[in-house]
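Trainee: Generate a structure from the sequence data that follows.
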Amino acid sequence: MACEVTRLRIIGEICLHTFDFVSVGAYTKDTIVTRSGTRQVHGGGYSYSAHAARLLDQRVGAVTRLAREDVDSTRLLRESGVEVMVRPSEKSTVMRLEYPTTNVDERILTVTDVADPFRVEDVVDVRAEAILISASIRGEVSLPVVKAIRERARLLGVDVQGFVRIVTPEGKLAYQGWPEMSEVLSLVDVLKTDAVEAEFLTGQADIRVAARKLASFGPKEIVLTHKDGLLVLANGEYFEQPFRPVELRGRSGRGDTCVGSYLSSRLQSSPEQATKWAAALTSLKLEEEGPIRRTRSEVEELIRRQYS
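Mentor: So this is what the prediction gives:
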């Protein structure tokens, strides 16, 4: 039987799918708790980053793990033109994110269920100019799967969080040393981290020093987010831009949106231009809960007004 490419495909026969940008990561069913209330949100770095990449009118795909009852969570992605490739899991990852203070980088994360890990066969049919691994928890994407994805992408992006975060016996997310760090980072072109993760991995509180130390393991470019903005280290040169949201309402997904917009922009722009694009797009995302729903023209207008 011939392979029919659709926007949503549950794994069956193997067909080759070619894209500009692909995100890989488990869907997360999120409960977000802030001082303003409690909300249920469809999450997962794979979704936030794919939504961001779509603003550049690229061919965007997304490979995710979720329970069958959560397939409708992919509707927004499909409606925006992203081809979603669902790898069924017995359970979806279920996460609770609590923000106890006004400091958006201070949060408590707990997990009650975890999706099945990705397998090599889950990515064999995907090829892309850039693939971003947007895992949430260690074990979601193993080293063999990273190696398989490396063979299928010209540029490989990796988010640190999916390799340093573990679920404790109490169900909380915590950082733990990354035994395979050297081997994984030697395969990576663009590494995404935040300031807390960077300090944990390097012991350096200075984000510039931490970025340079991470780059020494092999990544060509470091994308480091912090509460005020974005630092990029590329080809030995630093680029920095602030986040400038009018109102901060959507902290969850900040880093995923930022790296998705940066990596997709790098397919057609310099590191300096991609840094501006990512900072501006992420600023607009921060104004609303959920994935970015603004337009390319709105991002370009913000760049003209605030990032010239």
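Trainee: quick one: secondary structure of the most centrally placed residue in the chain?
Mentor: Nearest to the centroid of the C-alpha atoms of the chain, with distances taken as Cα atoms, centre = their mean, sits Asp256, at 3.2 Å. Counting by DSSP: H, G, I helix; E, B strand; the rest coil, the backbone at Asp256 sits in helix.
Trainee: separation between it and Phe118?
Mentor: Separation of Asp256 from Phe118 (Cβ to Cβ, to the nearest Å): 17 Å. For the C-beta atoms, the positions are set from N, CA and C on the backbone; glycine is no exception.
Trainee: Which residue is the nearest non-sequential neighbour of Ser182?
Mentor: Using Cβ to Cβ, 6 or more residues apart in numbering and skipping residues adjacent in sequence, the residue nearest Ser182 is Phe217, 5.8 Å away.
Trainee: Next, count neighbours for that neighbour.
Mentor: The tally of other residues near Phe217 (other Cβ atoms under 10 Å) stands at 16.
Trainee: In three-state terms, label it for me.
Mentor: coil.
Trainee: What residues does it make contact with?
Mentor: Phe217 sits next to 181-182, 185-186 when contact means Cβ atoms under 8 Å, 6 or more residues apart in numbering.
Trainee: buried subset of the residues you listed?
Mentor: The neighbour count (16 or more other Cβ atoms under 10 Å) marks Leu185 as buried among these.
Trainee: Would you confirm that the residue nearest to the centre of the chain contacts Val160?
Mentor: No. Using Cβ atoms under 8 Å as the test, Asp256 is too far from Val160 to be in contact (11.9 Å).
Trainee: joint contacts of those two?
Mentor: What both Asp256 and Val160 touch, as defined by Cβ under 8 Å, 6+ apart, is an empty set.
Trainee: any chance of the contacts of Phe217 in a markdown table, plus pLDDT, distance to Glu170 and secondary structure?
Mentor: Formatted as a markdown table, the contacts of Phe217 follow (pLDDT from 0 to 100; distance: Cβ to Cβ, whole Å; DSSP: H, G, I helix; E, B strand; the rest coil):
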| residue | pLDDT | distance to Glu170 | secondary structure |
| --- | --- | --- | --- |
| Met181 | 97 | 25 | helix |
| Ser182 | 97 | 30 | helix |
| Leu185 | 98 | 30 | helix |
| Ser186 | 98 | 34 | coil |
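Trainee: hmm, which two among the contacts of Phe217 are most spread apart?
Mentor: Distance extremes for those: the farthest pair is Met181 and Ser186 at 9.5 Å, using Cβ to Cβ.
Trainee: Can you show me the helices along the chain?
Mentor: For the chain, the helices defined by DSSP state H occupy 45-54, 75-79, 143-150, 161-164, 181-185, 195-202, 207-215, 254-265, 271-286, 296-306.
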